[in-house]
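J.: sequence first, predicted model second:
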Amino acid sequence: MASSDLHVPERPSWRCVDDGTEWPCAVARRRLWAEAGNRPVVVAERMAGWMRQARNELVGLSAAQLHERFVGWVAAGPVAAQVVVRLMGTDPGA
């Protein structure tokens, strides 16, 4: 696994190319919030688009599992994404 520090999905596995966790990883979630200006609707719309792409590649996941992975976390907000990143020790802004 090549490290790019971009925390993007490797397809078709949808795992982070940098840390190997399910994408969106904690760092990707934080970046998504920042890129969207902390606007939950923007984050949810972007993640819904990713979810539509992933559903054809992650065929073993149910619709509920896909929703939780790609959209469900958005409701917790940007603060939750920052806490997870700091707990994991992968904060790119530190």
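T.: Arrived safely.

J.: how many neighbours does the closest residue to E10 other than its chain neighbours have?
T.: Using C-beta to C-beta, 6 or more residues apart in numbering and skipping the chain neighbours, the partner closest in space to E10 is V17 (4.7 Å). For the C-beta atoms, the positions are set from N, CA and C on the backbone; glycine is no exception. Residue neighbour count, defined by other C-beta atoms under 10 Å, stands at 19 for V17.

J.: okay, now the residue nearest to D5 when sequence neighbours are not counted: neighbour count?
T.: In this structure, D5 finds its nearest non-sequential neighbour in D18, 6.1 Å apart by C-beta to C-beta, 6+ apart. Residues near D18, counting by other C-beta under 10 Å, number 21.

J.: wait, a strand at D18?
T.: No. Counting by DSSP: H, G, I helix; E, B strand; the rest coil, D18 falls outside a strand, being coil.
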